[in-house]
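[1] Just to be clear, the model below is a prediction. Sequence and coordinates:
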Amino acid sequence: MLDHLEKVFFAGLGAVSLSRKKTEEFLAELKEAFRVSEEEGKAFLDRTQEMAREGRERLTEMAETEVKKVVDKFGLVPREEFDSLLKRVEELEEKQRKG
């Protein structure tokens, strides 16, 4: 039964992750409404937190991939490369002034 409740819970949540406090409040309501044990409730809470963490990691990876695509598409250079080139230009300008 708890597995079914998890599916319903995540269907309702979608991609939104709850704070631990909100999740605990929801868990208390769940325990009262469906008479789940403390152990089942804690296991459920742990699984929801792990799934939220994994979801955030996947979202971060997807965002990084999309940003890289945009950077490549528009021919933008990474900050490190820009800083390196700027330093080289400054060094060449300094050499030119001195010599």
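    The structure has been received and is ready for your questions.
[2] just checking, what packs against the helix ranked longest in the chain?
    Longest helix in the chain, counting residues (DSSP state H): helix 38-73. Helix 38-73 makes packing contacts with helix 2-13, helix 20-34 when contacts are defined by 3 or more CB pairs under 8 Å, 6 or more residues apart in numbering; DSSP states H and E. No exception for glycine: its C-beta is placed from N, CA and C like everyone else's.
[3] how about it: buried residues?
    40, 41, 44, 45, 48, 52 (16 or more other CB atoms under 10 Å).
[4] Give me the pLDDT for residue 28.
    In this model, residue 28 is scored at 79, pLDDT.
[5] got a list of what it touches?
    For residue 28, the contact set (CB atoms under 8 Å, 6 or more residues apart in numbering) is empty.
[6] State the distance from it to residue 41.
    8 Å (CB to CB, to the nearest Å).
[7] in this protein, what residue sits furthest out from the centroid?
    In the chain, residue 99 marks the outermost C-alpha relative to the chain mean, sitting 52.2 Å out by CA atoms, centre = their mean.
[8] That one and residue 92: what is the separation?
    11 Å.
[9] try residue 86
    Counting by CB to CB, the gap from residue 86 to residue 92 is 11 Å.
[10] Ok, residue 60 next?
    38 Å.
[11] Likewise for residue 30?
    Distance of residue 30 to residue 92, given as CB to CB: 67 Å.
[12] Kindly report the same for residue 50.
    For residue 50 relative to residue 92 (CB to CB), the value is 53 Å.
[13] quick one: pLDDT of the residue sitting nearest the centre point of the chain?
    Of all residues in the chain, the one closest to the mean position by CA atoms, centre = their mean is residue 56, 2.7 Å from it. For residue 56, the pLDDT comes out at 84.
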